[in-house]
Each structure stands twice: as C-alpha cells, then as structure tokens.
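> Okay, here's the prediction I keep looking at, along with the sequence it came from:
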Amino acid sequence: MADRVIGARRSTLYGGIVIAAGHVFLAVPGAGFTYLGIVLVAWGTGLLKPNVSSMVGELYERDDPRRDSAFSIFYMGINIGSLFAPILVGIANQIGGYHAGFAVAAVGMSVALVFFVAGRRFLPGAGDDVPNPIEPRERGKIVRLGAMIVGGVALIYLVAVGVAGSWGITSVVDALSYLALLAPILYFVVMYRSPRVTDVERPRLVAYIPLFVAAMVFFMIFEQAATTLTTFARDRTQLELFGVEVSPAFFQSVNPAAIIVLAPLFAWLWVRTRDRPPTPYKFAIGLALAAASFLFLSGASAVVGEGLAPAWVLVVVYVVQTLGELCLSPVGLAATTLLAPRAFRGQAMALWFLASSAGQAITAQLVQVTDGASDTAYFGWTGAVALACAGVVWALSPWVTRHVRRADTMEGVHTAGE
C-alpha cells in the first residue's frame, strides 16, 4: 500500500486509525467483537509499523552520519511505550477488567494520531511520495498474484497438516512457521529480479542478506523473552530481588527500562564515532551478545542444578540482550532504509520485521524438537550456535561493506559508517 498506492505517511496514518478502531472493538464485550478487533489491530500494525520506520529514514540523506543515532532515539520511544503501556493497561484492567484495558489502548493510539497529524510540518515531505505507483495495465496481474498467495497459504497449511497428522493447533503453528521462513526468501527473489531495481541497488540488496540472517538468529534468541525465559522466571528463579518479592512478569520490564537508559548513550556513541564500526560489524557484536546471554544462563542453570537461580541472573541476561539489541535492532532499521531499493522502500522495511517472525518460527520448531532437554543443554547449545553465526557474520563483514561501497561508488555517494 505504501510503495504502490498511498505512500508511507498515509499508510502510517490509516494504520493508526485501524489500530485504534481495533482496540475500540476489543473494548466491547462479545467474542465477535474480540476477533474483529484482533484482525483490525493486526492489519493496522502491518500498515503502521514498517512505514513509520521508513519515514524516519527519509529524514536523512544517505551520507548523514546521524542516521543510526536517530533510529536509536526512535527505538527508545518505542520502548517508552513498552515500559508504561503494561502499567497503565494493568491499572485499567484492575479497575474495569480486560475491556477497560483495551479502551485505554484505543485512547493512547488516538492521542498518538493527533500528535502525528499535528507534527506533519516537522516531517518535510517524508512519506508523501509513492515510489512505484500501480499502472492500470498491472491491475489484472496484481489480482492474479493475490489469488496465488491465498492458494499458496492454503497449500502450506495442508502440508503442515500432513506433517503433524492432524488439524489441531500444532498444524497452525507449523504453517505459520513455514510461512515466516518462506516469505523473506520470496521477497528477496522478487526484489532482486524486479526491473524496477537498478544495477546500483542490487549489490546493496545482496549485501543485506547476511544482515537479515544475522537478525533472524538474533531474534530467535531475543524473542524467547516471552516464552522460555518467562518459564525460567516462573519455575527456575528465586522471585526476590534486593529483599523485595517480584512476579515473573517483572522481568519483562527490564528490557524496555534498559533501552530507555542506554539508547541515548548509544545514540551519542554512534555520532561520536561517526557510525564506526561499520553496520555488519555492529550486527556481529549484537548477535554475539545475545549468544553470550544464553551461554551465561546455561552456566547459571548448571551451577544451581535442580535449585532456583537468583533473580539477578535473569536481570543480567535481559541487560546483555538489550546491549545486543541496541547494536543490531535500531541499526538494522537504519540499514534497511539505506539499502532498500527505492521502489520497495516500505516492503523492504516489512521484510526487516519478518526477521523477527522468522526467528520466532525457528524457535517454535526448536522448542518442539528439544522437548525434554534440560535448561542447561537448551540454552547452552542455542547460545553456541548463535555465537558461531556471529563469527560467520564478522568474517563476512568486509564482503558486505565492499558491496555497499561499490554501490555507493557507482551512485557517486559516500555512506557514513560503510
């Protein structure tokens, strides 16, 4: 929609409106309203999330060294919401139940939309352009493509049913996992083969592939904060920190709190060093830190044996992962805006968010095949594999940097930090 129909700014605006409407429906009792609300929130997020990030990238020229710092500040804004939203929604939930909590979310999104519209003058033209508008002769092709996608999704689900041997929730999880892994591959192929992608843009797209894989492995670890790490907090952790009893949910606040504290420091650091080291090395460092967090947790699990780990162990794990996140995630947003083909600007940002989906897809399968493994073995082997991947990314970093520099030379620009 952003790349071909209405541009990133209107996609962001309409996405926010749809998200707010979804939370309004979720605030109304009734199963039908609940399902409709969930669908609207998902659709609205698809419109808003990649395109608001693309707009941040459009505020900076290719050779502007502030790009990574800007995305670090933007990322801090996201995590301010992550920190305070559960508190506000939790209070509303205690007072008026779940539906009151959803009403608070609807009000929050509406307030954000007011700020977005009122602040348009500070975003000079960002997101107004439609880089690859649909031509009338393409409409039939697009309809056929949509039908093929729907048919492909149905086929993948049938394959998942065949593998699982049933129509249950396992088949749905497996089908989503397959889709999350296939979609990025198809997107890369489509973009690389597109006649609208220039000879200058193709080397950048090729250079983006190792970064995407690194992000996928990183999120394979990072997104376990809400799954295996939450289980570890509930079952294997002493829920007392500095003499104060905490709940397992407390640990979910460590990451956004650490982001808010550390993001300004990283923003200053990237400006101070003029975005050194180059982007692929930052990815390798971020992935290595994520791997180190799991290796540390594996060691702690081995030390306590069948007992409970101190609460500070999980705090350290989350903080180390946050350091890795700040080296990789906001930098990845910036790199995506820098390396994306112009005709696929919004879709390339959507591709970046698919790295998280693909990482979670790997985790979904990993958890199934390692069922019954000890925490020490699970976290240890996952961390070891991720650390090996970080080493590969580090080794490939000069190759990635050369591809980007070659493309910039062809275009006659110099990219800071590359």
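The structure has been received and is ready for your questions.

> switch to C-alpha atoms for all contacts and neighbour counts from now on
OK.

> Show me how far stretch 99-116 is from its chain's centre.
Stretch 99-116 sits 22 Å away from the centroid of its parent chain (C-alpha atoms, centre = their mean, to the nearest Å).

> any idea of the mean pLDDT in it?
Computed over stretch 99-116, the mean pLDDT rounds to 93.

> Just the buried residues of the longest helix belonging to the chain, please?
For the chain, the helix that runs over the most residues, judged by DSSP state H, is helix 375-411. Neighbour counts over helix 375-411 (16 or more other C-alpha atoms under 10 Å) mark 375-384, 386-387, 389-391, 393-394, 396-397, 400-401, 403-408 as buried.

> which secondary structure elements does that helix contact?
helix 201-222, helix 279-304 (3 or more C-alpha pairs under 8 Å, 6 or more residues apart in numbering; DSSP states H and E).

> so which of those comes closest to residue 139?
Nearest to residue 139 among those is helix 201-222 (25.8 Å), distances taken as C-alpha to C-alpha.

> need the next SSE after that closest one, C-terminal direction.
Using DSSP states H and E, the helix or strand that directly follows helix 201-222 along the chain is helix 228-235.

> could you point out which element follows that next one?
Proceeding N to C from helix 228-235, the next assigned helix or strand is strand 240-241, under DSSP H and E.

> ok, that following strand: who's next to it in the sheet?
Here strand 240-241 has these sheet partners by DSSP bridges: strand 244-245 (antiparallel).

> contact partners of the strand it pairs with?
Here strand 244-245 makes contact (C-alpha atoms under 8 Å, 6 or more residues apart in numbering) with residue 239.

> hang on, the earlier thing: pick out the shakiest of the helices and strands packed on helix 375-411, pLDDT-wise.
Per-segment mean pLDDT for the helices and strands packed on helix 375-411 reaches its minimum on helix 201-222, at a mean of 89.

> Hey, what's the angle from that one to helix 279-304? Just curious.
10 degrees (axes from the mean of the first three to the mean of the last three C-alpha atoms, to 10 degrees).

> Pull out the buried positions in helix 201-222.
Those would be 201-208, 210-222, for helix 201-222 by 16+ other C-alpha under 10 Å.

> so what does that helix touch, helix or strand wise?
Counting by 3+ C-alpha pairs under 8 Å, 6+ apart, helix 201-222 packs on helix 169-193, helix 279-304, helix 311-339, helix 345-369, helix 375-411.

> rerun that using 7 Å as the cut-off
With contacts defined as 3 or more C-alpha pairs under 7 Å, 6 or more residues apart in numbering; DSSP states H and E, helix 201-222 has these neighbours: helix 279-304, helix 311-339, helix 345-369, helix 375-411.

> Count the neighbours of the closest residue to residue 274 other than its chain neighbours for me.
Among residues not flanking residue 274 along the chain, residue 65 sits closest, at 5.7 Å (C-alpha to C-alpha, 6 or more residues apart in numbering). Counted with other C-alpha atoms under 10 Å, residues neighbouring residue 65 total 20.
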